[in-house]
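Q: Show me how the following folds:
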Amino acid sequence: MLTIASRCWLCQCPLHLAVQGICSLCLKTLPAAPPCCPRCGLPSSGGHIDCGRCLLKPPPWDAMIFACPYEMPVSGLVLRLKFSRQPELDTALARLLLLRWQARWRENRLPRPDVMLSVPLHQKRYFSRGYNQSELLARPLARWLHCDYRPAALSRDRRTPPQQSLTELERKWNLRKAFSCHENLRNKHVMLIDDVVTTGSTVKEIGKILQKQGIASLQIGCICRTL
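A: Next up is the predicted model:
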């Protein structure tokens, strides 16, 4: 008998390798992103060069890699991972990000990360949910990319209202002094994992902290990017 673990999360067809999570046919039909700035991940006519926004005001990271735009069906899988207590989706979603990272790496535009980090949850929210979805995504990615995953390097020091309920300006102020880094990452190539990047306020706040440490480079990896 085939179990749900050996079927595609989208079409329910049997999988040859259960760990893939999404079959090759569904993989080909996932929404494709338009040409995007390799640094901020937002639509840009250049595609392979930094957009005007990044040239005028560079974000505190060097590259953003996302698997899909924030559209169905992948956005639905992310919501199920995050809010429906389905942590078993982690490997399938992390694999989507791995495939996108490999494509960028083959173009010789990304260094292989030395250290993998994940956006932390506040302790109360972690206990309420039972897990940190970004941590679940980062663990298999770190294993596949042969880098050191450090789950305790970052902490969220104060509880803040959910970002999705706030305006862009409120998001920026909501996260001021919300995070801390507890390890020395000087001269390390770092990859920071989040499930979804919308305005980028969360990763920007963490990026500023990591920049002050003197890291060699910072890549932002997420499953979905709001375009």
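Q: now residue 90: how far from residue 78?
A: Distance, residue 90 to residue 78, using CB to CB, to the nearest Å: 11 Å. (Each C-beta comes from the backbone N, C-alpha and C, glycine too.)
Q: what residues are shared contacts of the two?
A: Taking CB atoms under 8 Å, 6 or more residues apart in numbering as the criterion, residue 90 and residue 78 both touch residue 133.
Q: show me the biggest helix of this protein in terms of residues.
A: With secondary structure taken from DSSP state H, the chain has its longest helix at helix 90-106.
Q: Tell me if residue 138 really is in a strand.
A: No: read with DSSP: H, G, I helix; E, B strand; the rest coil, residue 138 is helix and lies in no strand.
Q: for it, what are its contacts?
A: For residue 138, the contacting residues are 94, 116-118, 149, 151, 193, by CB under 8 Å, 6+ apart.
Q: mind redoing it with 7 Å?
A: By CB atoms under 7 Å, 6 or more residues apart in numbering, the residues touching residue 138 are 116, 118, 149, 193.
Q: what number of residues lie near the third one?
A: Burial of residue 149, expressed as a neighbour count using other CB atoms under 10 Å, amounts to 20.
Q: for residue 14, same thing?
A: Neighbour tally, residue 14, other CB under 10 Å: 10.
Q: So it is in contact with residue 7, correct?
A: Yes: if you go by CB atoms under 7 Å, residue 14 and residue 7 touch, sitting 5.9 Å apart.
Q: how far is stretch 144-153 from where the chain is centred?
A: 14 Å (CA atoms, centre = their mean, to the nearest Å).
Q: From the rest of the structure, what touches the longest helix of the chain?
A: 9, 19-22, 65-68, 77-78, 81, 110, 136-137, 140-141, 144, 221, 223.
Q: what comes up buried for it?
A: 90-98, 100-101 (16 or more other CB atoms under 10 Å).
Q: just stretch 47-54 next, same as before
A: Under the neighbour-count criterion of 16+ other CB under 10 Å, stretch 47-54 has 50-51, 54 buried.
Q: Turn those into a markdown table, including secondary structure and distance to residue 206.
A: Output for these, formatted as a markdown table (DSSP: H, G, I helix; E, B strand; the rest coil; distance: CB to CB, whole Å):
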| residue | secondary structure | distance to residue 206 |
| --- | --- | --- |
| 50 | coil | 20 |
| 51 | coil | 22 |
| 54 | helix | 18 |
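Q: circling back: of all pairs in the contacts of residue 138, which one is the farthest apart?
A: Across the contacts of residue 138, the longest distance by CB to CB is 9.3 Å; it joins 149 and 193.
Q: which residues are in contact with both of these two?
A: Contacts common to residue 149 and residue 193, judged by CB under 7 Å, 6+ apart, are 116, 138.
Q: Does residue 60 touch residue 203 like I think?
A: No: distance between residue 60 and residue 203: 8.4 Å, which falls outside the contact criterion (CB under 7 Å).
Q: So between these two, which is more surrounded?
A: Relative neighbour count places residue 203 above the other of residue 60 and residue 203, with 24 against 18, counting by other CB under 10 Å.
Q: and the more buried one, what helix or strand is that in?
A: Element membership of residue 203 [criterion: DSSP states H and E] is helix 201-212.
Q: Alpha carbons of that helix, as PDB, please.
A: The C-alpha trace of helix 201-212 is given here as PDB (Å, rounded to 0.1, in the frame of the first residue of the first chain):
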ATOM      1  CA  SER A 201      11.900  43.800   6.800                       C
ATOM      2  CA  THR A 202      12.800  40.700   8.800                       C
ATOM      3  CA  VAL A 203      15.800  39.600   6.800                       C
ATOM      4  CA  LYS A 204      16.900  43.300   6.500                       C
ATOM      5  CA  GLU A 205      17.000  43.700  10.300                       C
ATOM      6  CA  ILE A 206      19.000  40.400  10.700                       C
ATOM      7  CA  GLY A 207      21.200  41.400   7.700                       C
ATOM      8  CA  LYS A 208      22.300  44.600   9.400                       C
ATOM      9  CA  ILE A 209      23.300  42.600  12.500                       C
ATOM     10  CA  LEU A 210      25.300  40.200  10.500                       C
ATOM     11  CA  GLN A 211      27.000  42.900   8.500                       C
ATOM     12  CA  LYS A 212      28.300  44.500  11.700                       C
END
